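[1] give me a 3D structure for the following:
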Amino acid sequence: MISRRNVFSGLAALTTAGCGARQAPLPPYQYPIAPPPPDRASQGLDAVIDISRGVTVSDFRLVRQSNILAVIHKASEGGDYLDTACTARRPAAEAAGLLWGTYHYGTGQASGTQQAAFFLNASRPGPKTLLALDLEANDNNPSNSMRLDQAEEFVRAVAEATNRLPTVYVHPIWANGDPLPNSGLSFGARITPDSILARCPLWVADYHDSPEIPLAWVDRGWRLWQYAADESASHPAYGASTIVSGLSHYDRNLFRGDADALYRFWGTTT
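    Down below sits the predicted model:
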């Protein structure tokens, strides 16, 4: 998913008196001061992580003991890539008392219908499995990024097969069709409020103190907010409530609501 951004301010500039005037005393050296971490508890429930095969899992019981309630695992990508750790890890995660979710990384190589079928076969969702579409730029192969028509087709196919809409993971810049600041890549289209994607719960990716809401979801807001990526004991997320044990690293997400609302939301259509 998208890399962390630096939130620390730069050095303050020092000033001196003008030429020819008596020089004022230099102020004491001003060290850069990091802003206080945001109050995540006031913005949502810091109890959801997402992982993939590249994450080492030692014990899901330790994950649950770290006040995590839900795990979203990558299940598939495009039309032919399976994350083989997904199926293997599910029993241990659910036995530890964790809610289970899966996501599909969309690409441009196959139709949305084909990708949906591949994802559902890989995920094998139960009635309480959260389903999600990861809609983002394919940095390694930009021409293989999922298009708007493919994403909409994917959502329709998942909804027809499961009678519920998947959650859509997307960065606001990508969803709004604007170029990404570093690569210049663009979705090539803007998700509009009348798109079926806008009916899906929003999982927004934005590594600031509060998230920008894509235009298509401005009236509904977010349900999940990925506020940091690749957290670990040696790389703590800015403003995270606690370090999660039992994993090598993971992405952090807030849920907009309390624990009861999270359990009601999980695996259902909103």
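[2] just checking, Ala116 touches Thr162?
    No. Taking contacts as Cβ atoms under 8 Å, Ala116 lies outside contact range of Thr162: 9.6 Å. Bear in mind the C-beta positions are built from the backbone N, C-alpha and C, glycine included.
[3] look up how far Trp217 lies from the residue nearest to the spatial centre of the chain.
    Against the mean C-alpha coordinate of the chain, by Cα atoms, centre = their mean, the closest residue is Gln226 at 3.6 Å. The gap separating Gln226 from Trp217 is 15 Å, by Cβ to Cβ, to the nearest Å.
[4] need phi/psi at Trp100.
    Per-residue torsions, Trp100: phi -120, psi 140 (degrees, to the nearest 10).
[5] what's the neighbour count on Asp39?
    For Asp39, the number of neighbouring residues by other Cβ atoms under 10 Å comes to 9.
[6] can you pull the contacts of it?
    By Cβ atoms under 8 Å, 6 or more residues apart in numbering, the contact list for Asp39 reads Gly239.
[7] for Asn253, helix, strand, or coil?
    Three-state assignment for Asn253 (DSSP: H, G, I helix; E, B strand; the rest coil): strand.
[8] residues in a beta bridge with it, which ones?
    Val48, Gln226 (DSSP bridges).
[9] so it touches Trp203, yeah?
    Yes. Between Asn253 and Trp203 there is a contact under Cβ under 8 Å: 7.4 Å.
[10] intersection of neighbour lists for these two?
    Residues touching both Asn253 and Trp203 (Cβ under 8 Å, 6+ apart) are 224-226.
[11] save those residues as JSON lines, and put in pLDDT and distance to Ile173 too.
    Shown next, in JSON lines, are the shared contacts of Asn253 and Trp203 (pLDDT from 0 to 100; distance: Cβ to Cβ, whole Å):
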{"residue": "Leu224", "pLDDT": "98", "distance to Ile173": "18"}
{"residue": "Trp225", "pLDDT": "98", "distance to Ile173": "15"}
{"residue": "Gln226", "pLDDT": "98", "distance to Ile173": "14"}
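[12] mind putting the residues you listed into a markdown table with distance to Ala95?
    Shown next, in a markdown table, are the shared contacts of Asn253 and Trp203 (distance: Cβ to Cβ, whole Å):
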| residue | distance to Ala95 |
| --- | --- |
| Leu224 | 24 |
| Trp225 | 28 |
| Gln226 | 26 |
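[13] let me know the closest of those residues to Pro181.
    Nearest to Pro181 out of those is Gln226 (Cβ to Cβ; 17.8 Å).
[14] you'd agree the closest one is up against Val170?
    No. In this structure Gln226 lies outside contact range of Val170 using Cβ under 8 Å: 10.2 Å.
[15] now the common contact residues for those two.
    Residues within reach of Gln226 and of Val170 at once, by Cβ under 8 Å, 6+ apart, are 203-205.
[16] closest to Ala259 out of the residues you listed?
    Taking Cβ to Cβ as the measure, Ala259 sits nearest to Trp203 out of the shared contacts of Gln226 and Val170, at 18.1 Å.
[17] let me know the secondary structure of that closest one.
    Following three-state DSSP, Trp203 is assigned to strand.
[18] now do Arg220
    Under three-state DSSP, Arg220 comes out as coil.
[19] quick check: phi and psi on it?
    phi -110, psi -30.
[20] neighbours of it, how many?
    Using other Cβ under 10 Å, Arg220 is surrounded by 15 other residues.
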